Every structure is written in structure tokens, then in C-alpha cells.
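Participant: Next one to model:
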Amino acid sequence: MEDARGGKMIVVSACLVGVNCRYDGSSETKPELLDLLEKEGAVPICPEQMGGLPTPRTPAKIQSGDGSDVLKSRSRVIDIKGRDVTPQFIKGAIEALNVAMLVGADKAILKDKSPSCGVNYIWDDDGLKEGKGVLTALLIDNGIKVSSGDI
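Facilitator: Predicted coordinates:
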């Protein structure tokens, strides 16, 4: 599929284009990305919802590693109540990848500092650290270029 410019489609974190899907039920709308969505046909995705998690939901962090480690079963995603939500994060990442592949996306613009969409940073028990979220790692592994929407 091509966008309005005749180029490849882009997937974007839904919370960055006004969808209230963040863990606390809010969005973090970026006007420049909303323009991209409206004018060029970007596809909004929320891997945590796609994995079956509710909104709002309990915040979660990747323990001992990053999204790549989660995908390789070397790390888990645990919410602040101690529940293992790794299966939902993996399912959501796979579903989001399927959407990206279906529309022929070659680029994703994602919400940094998220256990799913973190591009440069994620949270762990010690605070903010360098690392990639589960979806980001999966998209990169499948040849999709990922950049941060935290402009």
C-alpha cells in the first residue's frame, strides 16, 4: 500500500496521534504526527491494546534487559503489581508487525520510553535506561526502520 505521496506507508504509535491508549488512559499527541496521519495516511497502532491489555492498565517494565531480550525469552515484562504480562506484550508486537507488513510499511514512528514502543529508552526497576521496547525490537528484526516520535 502507498500513502498519499505515493510512498510507503508508515505505522505510528496511536498515542502520538490522539488515541487515548497510554497506560493511564491518556494520549501524548504530537501535532506534526497528526498532520502525517491526516495528510499521508499513516496507520496508528497500539501494541499493548493489540495484545489484549486494557486501557487504562497497570504500568509495566522490562526486567533485566530490553525488548530484544524479551523476544529471546531472556527477560520478562512485569507490571507494578508483579504480574507477568510478557505474553500480551509479545502478542501485541506480533499483531502490530502483521499490520505493518499488511500495509507495506517500511518505517515506524513510535513512543519512546515505553516497554513496547521505546526506541532509545525504556524504564526498568532502576529508572530510565537505554534500550528498545518489544515492538521496536521486532520491527527492526524484520527490516522496518524505527524512529522516535518524541520530537
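
Participant: contacting residues around Asp66?
Facilitator: By C-beta atoms under 8 Å, 6 or more residues apart in numbering, the residues touching Asp66 are 75, 118, 122, 131-133, 137. Backbone N, C-alpha and C define where each C-beta goes, glycine included.

Participant: Filter those residues down to the ones in helices?
Facilitator: Taking DSSP state H as the definition of helices, these contribute Ala137.

Participant: show me where this structure has helices.
Facilitator: Using DSSP H, helices in the chain cover 31-40, 47-50, 67-71, 86-102, 134-141.

Participant: Return the residues in contact with Leu53.
Facilitator: By C-beta under 8 Å, 6+ apart, the residues touching Leu53 are 85, 88, 92.

Participant: and the end-to-end length of stretch 53-64?
Facilitator: 22 Å (C-alpha to C-alpha, to the nearest Å).

Participant: List the buried residues of that stretch.
Facilitator: Buried residues in stretch 53-64, counted by 16 or more other C-beta atoms under 10 Å: 53, 55, 57, 60-63.

Participant: closest one to Ser148 among the helices of the chain?
Facilitator: Nearest of the helices of the chain to Ser148, taken as C-beta to C-beta: helix 134-141 at 9.4 Å.

Participant: as a whole number, average confidence for that closest one?
Facilitator: Per-residue pLDDT over helix 134-141 has a mean of 99.

Participant: Look at Val134 and say how many residues are nearby.
Facilitator: 34 (other C-beta atoms under 10 Å).
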